[in-house]
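[1] no FASTA, just this:
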């Protein structure tokens, strides 16, 4: 009896038909390659007040600044992925995965765990926030704020937009930009 590896995270959560309709640049970033390295640029904004700066640092989020160089490494291990982003002067690492019996994508970012429903919207993946846990405790929806996250393609490049706003704090961080794979191992049989 042979055991097969779990399917790649994003194709599994989106479904085969939806996955095949996405642009190649999106499939390249979210596919089944065991190791992906990409580089690009991002414009980053965020509230300049001390509470927002402190929370960005705690979560490993990048500091605001225009046209920042960005590198990304995605390491895929079975049904989970470790994303390591290098912004100017800051490293942001998170683990993405799924849980048995759930259709959500979970992202662990420092002490926060976010649950997203993934949906195709035209040529984009729309990440819809469904749950937030902080230090293992569920956060009431009134404290979760708003999170916009979209992955798409423009001119053959992978483009992203993330905007996080919290009650009483305002814009924690927003970053948008593009990435191009610089090293992409061939997909495994998982996709």
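    Good, I have the coordinates. Keep in mind it's a predicted model, so treat the numbers as computed, not measured.

[2] all helices for the chain, in order.
    9-14, 16-20, 24-30, 50-59, 141-144 (DSSP state H).

[3] list of residues touching the third one?
    Outside of helix 24-30, the residues within contact range by CB atoms under 8 Å, 6 or more residues apart in numbering are 8-11, 19, 36, 38, 74, 123-125, 151-153, 156-158, 179, 181, 184. Using the backbone N, CA and C atoms, a C-beta is placed for each residue, glycine as well.

[4] buried ones in that helix?
    Residues 25-30 are the ones in helix 24-30 that count as buried (16 or more other CB atoms under 10 Å).

[5] what's the lowest-mean-pLDDT helix or strand in the chain packed up against?
    Using mean pLDDT, DSSP states H and E, helix 141-144 stands out as the lowest-scoring helix or strand of the chain, at a mean of 82. If contacts are counted by 3 or more CB pairs under 8 Å, 6 or more residues apart in numbering; DSSP states H and E, helix 141-144 sits against strand 124-134.

[6] just the buried subset of the contacts of helix 24-30, written out for ChimeraX, thanks.
    Buried members of the contacts of helix 24-30, defined by 16+ other CB under 10 Å, are picked up in ChimeraX with:
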select :8,9,10,11,19,36,38,74,124,125,151,152,153,157,158,179,181,184
